[in-house]
Structure formats: C-alpha cells, structure tokens
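1. Pasting the sequence and the predicted model now:
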Number of protein chains: 2
Amino acid sequence: MRQELLNRTFSALADPTRRAILIRLSKGEATVQELSKPFFTEMSAPAISKHLKVLEQAGLILRGKDAQYRPCRINVSNLKIAADWVEQYRSMWEDRFDRLEVYLKTIKNKKKSKRKKNG
Amino acid sequence: MRQELLNRTFSALADPTRRAILIRLSKGEATVQELSKPFFTEMSAPAISKHLKVLEQAGLILRGKDAQYRPCRINVSNLKIAADWVEQYRSMWEDRFDRLEVYLKTIKNKKKSKRKKNG
C-alpha cells in the first residue's frame, strides 16, 4: 500500500505543470478555470483537468463538491510521505557537504600558510 | 534545467524496484550481478540494468569504469534537489499537525472536566 502510494505520488510530481499547480494551490484553493488562465499556463481547461485527475488519484489534491466549479485544494499528507522517503538520505548528503567543507577549509589554510611563507 | 532534473528525478523514484536499488546502494556500492541476486529481487540482470539506466540518467547513481562489473553507487545530490522541492510544503503539514494536536488536547480536556463533573 505504501509502495503504491509512493509510486503514484512521485509519478504525479514528475511533471512541471502538475508541480506548478501544487505551488499555486499551496497559496489557496482554485477552480479549473482559474488554473487555466493565461498568466498561469497556456494550457486549455481540458488539459488542466487531466493533470488534476492525476493529482487527485495520487491524493495530492482534494476537489470540492460544487458540481460546476469543483474548486481544488492541496492535500499535503501524501507529500509528507514522499518527503519522509527522500529524507532518509539527508544524513548522506549532509555528511558529504560536511566533508566538502572540511576539504575547502584545508585548501584555504594551505594557501594562507603558503602566502605567509612567500610573503 | 532544474525543472528537467526534477522531472527525471521524480520519474525515477516512481518505481518500487528503483527505490529498492537506491536503498540497497545507500549501504554501499554493488554490481548488477549483486543487485540481481534472488534475495534482493527476482528480476533478471537485464531487467535490473534497465532500471539502472533510468537511475543513471536521472543522476541518482554513478557507475564505475570497470568494463565488466561497472559497480553502481548512489549519488545523493539530485535526491537533495527533490527533497528541497518537497520540503517547501513542510510548514503546511506541520501547521496542520499542530492544529490537529491542539484539537485532540481540547477533546481530552473536555472529557476530563466532564469526568470530574460526573465523578
């Protein structure tokens, strides 16, 4: 079940329009019409609707019950599950950046002591 | 460029075998042969190789130069980019859980004071 949820969540996030929709919805709910407005994207309402369906099936958005407008709002619970999965590697990249920092400091100190010797 | 990177990263993560490979590689490098061993998955070496290609194209793994074995190791930099994208919603779900906690405490306190009244 959790694997299936991760499949659908990551797959939904693999598209730039769907990510843009989520960013827009994080600022407040919106209708399909609002999401299809030219300043947001040049996509037609039917194209946006298809993306919304993918987001809804992944549990990343919720749709209102109003038959005509069905306003969309973001549902962050599944995003948290995806974040938790990626976060398990945090210690790995933090270690890496720590090591890089130490390395850069070593180079800096070497250059300093070289300048002192020559100066 | 960053959008393209996020597309490829999330798309690569949308598969359970590829996620399992990353978890395995987070413990140390491995060859295709090792990744195809029955205790890890029941997939054939060619099937695993296809998944490795996707992971390599997404920059999530690096392959060694040894022509025969080409050991794979995890590359966490792109995972960090994906994590950063998802993390922008952290405040949203934390707010949500904070509100839920307050709500649950309110219920608990109400029950307590009801018991005191009746007891």
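-> Right, received. Where do you want to start? Keep in mind the model is a prediction, meaning the values are calculated, not measured.
2. Quick one: distance of the biggest helix by length in chain A to the chain centre.
-> Counting residues, the longest helix found in chain A (DSSP state H) is helix A:90-118. Chain-centre distance of helix A:90-118: 31 Å, with Cα atoms, centre = their mean, to the nearest Å.
3. Over to stretch A:44-63?
-> 16 Å.
4. again with stretch A:106-119
-> 43 Å.
5. Please apply the same query to stretch A:86-106.
-> 22 Å.
6. ok, and what's touching that stretch?
-> B:13, B:22-23, B:26, B:74, B:76-77, B:79-80, B:82-83, B:86 (Cβ atoms under 8 Å, 6 or more residues apart in numbering or on different chains). (Glycine included, C-beta is placed from N, CA and C.)
7. Quick check: buried residues in that stretch?
-> A:86, A:89, A:93 (16 or more other Cβ atoms under 10 Å in any protein chain shown).
8. so can I have JSON lines of these showing pLDDT?
-> Converted to JSON lines, the buried residues of stretch A:86-106 look like this (pLDDT from 0 to 100):
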{"residue": "A:86", "pLDDT": "88"}
{"residue": "A:89", "pLDDT": "81"}
{"residue": "A:93", "pLDDT": "70"}
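9. Reformat these as a markdown table; add distance to residue A:42.
-> Output for these, formatted as a markdown table (distance: Cβ to Cβ, whole Å):
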| residue | distance to residue A:42 |
| --- | --- |
| A:86 | 31 |
| A:89 | 36 |
| A:93 | 36 |
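10. Please identify which of these is nearest to residue B:35.
-> For the buried residues of stretch A:86-106, the minimum distance to residue B:35 (Cβ to Cβ) is 17.9 Å, reached by residue A:89.
11. quick one: that closest one from residue A:8, how far?
-> 21 Å (Cβ to Cβ, to the nearest Å).
12. now do residue A:14
-> The value you get for residue A:14 to residue A:8, if Cβ to Cβ is used, is 11 Å.
13. Give me the common contacts of these two.
-> In contact with both residue A:14 and residue A:8: residue B:14, using Cβ under 8 Å, 6+ apart.
14. near chain B, which residues of chain A?
-> A:3, A:6-8, A:10-11, A:13-16, A:19, A:22-23, A:26, A:74, A:76-77, A:79-80, A:82-83, A:85-90, A:92-93, A:96 (Cβ under 8 Å from any Cβ of the partner chain).
15. buried subset of those residues?
-> A:6-8, A:10-11, A:13-15, A:19, A:22, A:74, A:76, A:79-80, A:82-83, A:85-86, A:89, A:93.
16. In strands only, show me those.
-> residue A:74 (DSSP state E).
17. tell me, how many neighbours does residue A:2 end up with?
-> By other Cβ atoms under 10 Å in any protein chain shown, the residues close to residue A:2 number 9.
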